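Q: Build me a structure from this.
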Amino acid sequence: MNQLPSQSEAARGAFSSFEACRNTQKGPVVILASGASAKDFPLEDFASVPIIAMNGSISMLVGTDVRPFFYICTDKDFCNQQPELFATALHSSPRLALWPEQFDLFDLPEDTERYPLLKALDPTFSEWLGLGDGRYARNRTLWSKRARSIGFSRNLSYGFFDARTVAFVALQLAYHLGFDDVLLVGVDLNQSAGRFYETNGGKRSPCGLDQHWESRILPSLTLMAHQVVGERFRVHNLSTRSRIPPALIPRIDLQQARALAARATAVV
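A: Now for the predicted structure:
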């Protein structure tokens, strides 16, 4: 299991520093989302690969020896919609990325690293001129406020861009940490197919994938594919049911994913 630099100087309840964990990792990482295709993923074959779990995807790890490397949740109401799953995440994840105010609401294990999320800042004039320090990749369209809010953060110390899907925040986290091969699992983004952990008659969380697909999700993924993905950061989609066009994020099969997983190394 990959390890982050020690933050022993932080007292109980103190926030951990995104800057301290920046570019500390390498190799592959699994981003585990909640799409229906995730239930077909052979988790045990990838036990050596760090996992970024989110929202209810943590349920896939229940009853296994696999712990998430990071757990991230941007939906402030998820703790009310799925309290059991949220509690599982809080007590099984060594590192949490949540909104700052949420950390005061729950009793967490003492050694939990707590990373406070914040939205990306509005662009400065120099950033509009292309003179920024590279912390953001963003759409510099001047005439559309919505288009200007599309971006990708390479440094979460300065916030993240919201595409209305937590999987996109997890992609920014993976880049920030330094991982160079991202394996997308369960990133179907298919609202009608539902989530793998939801059952008929069970608790269901609201879903806005269809509402935001054209306006935010697809433009954000397109920007990432054109401005971020490259030799430093590669993204691979294991979902054959994914709504993401293969031209943006190529699809790979399990054999190819296992070959990438073999590169997993422990960073101390």
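Q: Tell me which helix or strand in this protein has the weakest average pLDDT.
A: helix 125-128 (a mean of 56; mean pLDDT, DSSP states H and E).
Q: Which stretches in this protein count as strands?
A: 28-32, 51-54, 70-72, 95-98, 113-116, 136-138, 151-153, 181-185, 234-237 (DSSP state E).
Q: To Ala262, which of these lies closest?
A: Counting by C-beta to C-beta, Ala262 lies closest to strand 28-32 out of these; the figure is 8.8 Å. (C-beta placed from N, C-alpha, C; glycine too.)
Q: Mind giving me the packing neighbours of the closest one?
A: strand 51-54, helix 166-177, strand 181-185 (3 or more C-beta pairs under 8 Å, 6 or more residues apart in numbering; DSSP states H and E).
Q: Quick one: residues contacting the spatially most central residue of the chain.
A: What sits nearest the mean C-alpha location of the chain, by C-alpha atoms, centre = their mean, is Ala170, with 1.2 Å. By C-beta atoms under 8 Å, 6 or more residues apart in numbering, Ala170 lies in contact with Ile31, Ala33, Ile52, Met54, Ile72.
Q: Pull the most distant pair out of these.
A: For these, with distances taken as C-beta to C-beta, the pair at the greatest spread is Ala33 and Ile72 (10.8 Å).
Q: between these two, which one's more packed in?
A: Set Ala33 next to Ile72 and count neighbours by other C-beta atoms under 10 Å: Ala33 wins out with 28 against 25.
Q: shared neighbours of Ala33 and Ile72, anything?
A: The contact lists of Ala33 and Ile72 share Met54, Val166, Ala170, where a contact means C-beta under 8 Å, 6+ apart.
Q: returning to that earlier point: could the contacts of Ala170 go into TSV alongside pLDDT?
A: TSV is the format used below for the contacts of Ala170 (pLDDT from 0 to 100):
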residue	pLDDT
Ile31	99
Ala33	96
Ile52	99
Met54	97
Ile72	99
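Q: between those, which is closest to Asn80?
A: For these, the residue nearest Asn80 by C-beta to C-beta is Met54; the value is 16.7 Å.
Q: Quick check: beta-bridge partners of the closest one?
A: For Met54, the beta-bridge assignment (DSSP bridges) gives partners Ile72.
Q: Quick one: neighbours of it, just the number.
A: Look at Met54: counted by other C-beta under 10 Å, it has 27 neighbours.
Q: wait, it sits on Ala167?
A: Yes: using C-beta atoms under 8 Å, Met54 is in contact with Ala167, at 6.8 Å.
Q: Between those two, which contacts overlap?
A: In terms of C-beta under 8 Å, 6+ apart, Met54 and Ala167 are both contacted by the residues Ile31, Ala33.
Q: Now tabulate the strands of the chain in JSON lines and tack on distance to Gln81.
A: Shown next, in JSON lines, are these (distance: least, C-beta to C-beta, whole Å):
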{"stretch": "strand 28-32", "distance to Gln81": "19"}
{"stretch": "strand 51-54", "distance to Gln81": "14"}
{"stretch": "strand 70-72", "distance to Gln81": "16"}
{"stretch": "strand 95-98", "distance to Gln81": "15"}
{"stretch": "strand 113-116", "distance to Gln81": "22"}
{"stretch": "strand 136-138", "distance to Gln81": "31"}
{"stretch": "strand 151-153", "distance to Gln81": "26"}
{"stretch": "strand 181-185", "distance to Gln81": "22"}
{"stretch": "strand 234-237", "distance to Gln81": "27"}
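Q: Mean pLDDT lowest where, among these?
A: Lowest mean pLDDT within the strands of the chain: strand 136-138, a mean of 90.
Q: Nothing else from me, thank you.
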